[in-house]
Every structure is written in structure tokens, then in C-alpha cells.
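Participant: got a structure for you, letters missing:
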């Protein structure tokens, strides 16, 4: 359990983008749900959508319009196949993009999978006061993103700065 106060807990929704996974076979989504709970956050919703640009956009739009959702975590659909449309679906929703997320994710991933990381189109941004993080669909990639970036950045106690503090102070 985190040292985070209950009042610092963020309300997080998890979306797995897959044409084949179910809740029973979704190890990436399951990892994210367990990791966010272990860090003291609240899972407010979880779903799986096929890789359809408009369905993804509709699901995320509903979450970012809901004041009970602070953060949206998406896993899957960030590669280069013709079925991968997560960045194209989600980036138009951003009020501002968090460029450093994709850059740092690829840096950390490079240490694990080498040059294959250039095929990752991990992106993040802020939309209607909601943080959105899009990461690859493998469980390993979700672990890299969570352990290397998200765990600290969603922790109000992390210094010198973190996204949780921005959300809880309402200064964004």
C-alpha cells in the first residue's frame, strides 16, 4: 500500500484496446488495475473495446466528461499495424499533450527491448481536467509504464512534482 493519503487517491478508469482479449484473458488491464489499487488509487471503471477509432473516442469522451474520473489508462492499439488506432482516436481529445510521456516510455522500453521500441506510439495528454495515458498492449509494456513513470507521477507525495498534485489542487 502506498504512503499516499486517502484524500490523494485518484479515480482511475482502465480501457484495454483489443479485438481478442476478454476480462479473463486481459493480463495487461488486470496488471494496471492491481497496480493502481496497490498504490492507493480507486478503480472506477474498466472495459475492453475493439480497436475501432470511434468506439475508443466515445468511451474516453464519456470518461473525460465524468467528474468522477481523474485518470484514464489505455493499453493497446499503439503499434503500427492497420488495426492500431489508439493515438489517432485519442489525441484529438487532448487539450494539451504530455510529450515527455512517450519520450520517457520509449527510453525505458529501449533498455528492455532495444530498437523495437521505435514502433511504440505511446502518448499522453490532458483533456477536460482528466489525464489520459496510452501505452502498448503487452503486460511488459504496462509494467514499464506503471513502474517507470505512472506510479510516481500519480503519487501526490512524489517530488519535485507530480500530476496528482496538479489534479487534486485543481490548478490545471
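Facilitator: Right, received. Where do you want to start? Since the structure is predicted, the reported quantities are computational estimates derived from the model, not experimental observations. Residues are numbered from 1 along each chain as shown.
Participant: what's the burial count for residue 118?
Facilitator: Using other Cβ atoms under 10 Å, residue 118 has 11 neighbouring residues. C-beta: built from backbone N, CA, C; applies to glycine.
Participant: Quick check, pLDDT for it.
Facilitator: Residue 118 is assigned 84 on the pLDDT scale.
Participant: Packing partners of the longest helix seen in the chain?
Facilitator: Of all the segments of type helix in the chain, defined by DSSP state H, the longest one is helix 99-113. Counting contacts by 3 or more Cβ pairs under 8 Å, 6 or more residues apart in numbering; DSSP states H and E, helix 99-113 packs against strand 123-127, helix 139-145.
Participant: The chain: helices as residue ranges?
Facilitator: Using DSSP H, helices in the chain cover 27-38, 53-64, 86-90, 99-113, 139-145, 151-153, 163-169.
Participant: just so I know, which of those helices lies nearest residue 14?
Facilitator: Comparison of the helices of the chain against residue 14 by Cβ to Cβ identifies helix 27-38 as nearest, at 5.1 Å.
Participant: Report the mean confidence score over that closest one.
Facilitator: 98.
Participant: residues of it that come out buried?
Facilitator: 27, 28, 29, 30, 31, 32, 33, 35, 36 (16 or more other Cβ atoms under 10 Å).
Participant: Could you check how many residues crowd around residue 136?
Facilitator: Neighbours of residue 136 using other Cβ under 10 Å come to 27.
Participant: can I assume it is in contact with residue 74?
Facilitator: No: counting by Cβ atoms under 8 Å, residue 136 sits too far from residue 74 to count as a contact (10.0 Å).
Participant: Residue 38 versus the nearest residue to residue 35 once chain neighbours are set aside, what's the distance?
Facilitator: Nearest residue to residue 35, sequence neighbours excluded (Cβ to Cβ, 6 or more residues apart in numbering): residue 146, at 4.8 Å. Distance from residue 146 to residue 38, counting by Cβ to Cβ, to the nearest Å: 10 Å.
Participant: Residue 152 now?
Facilitator: To residue 38, residue 152 is 14 Å away according to Cβ to Cβ.
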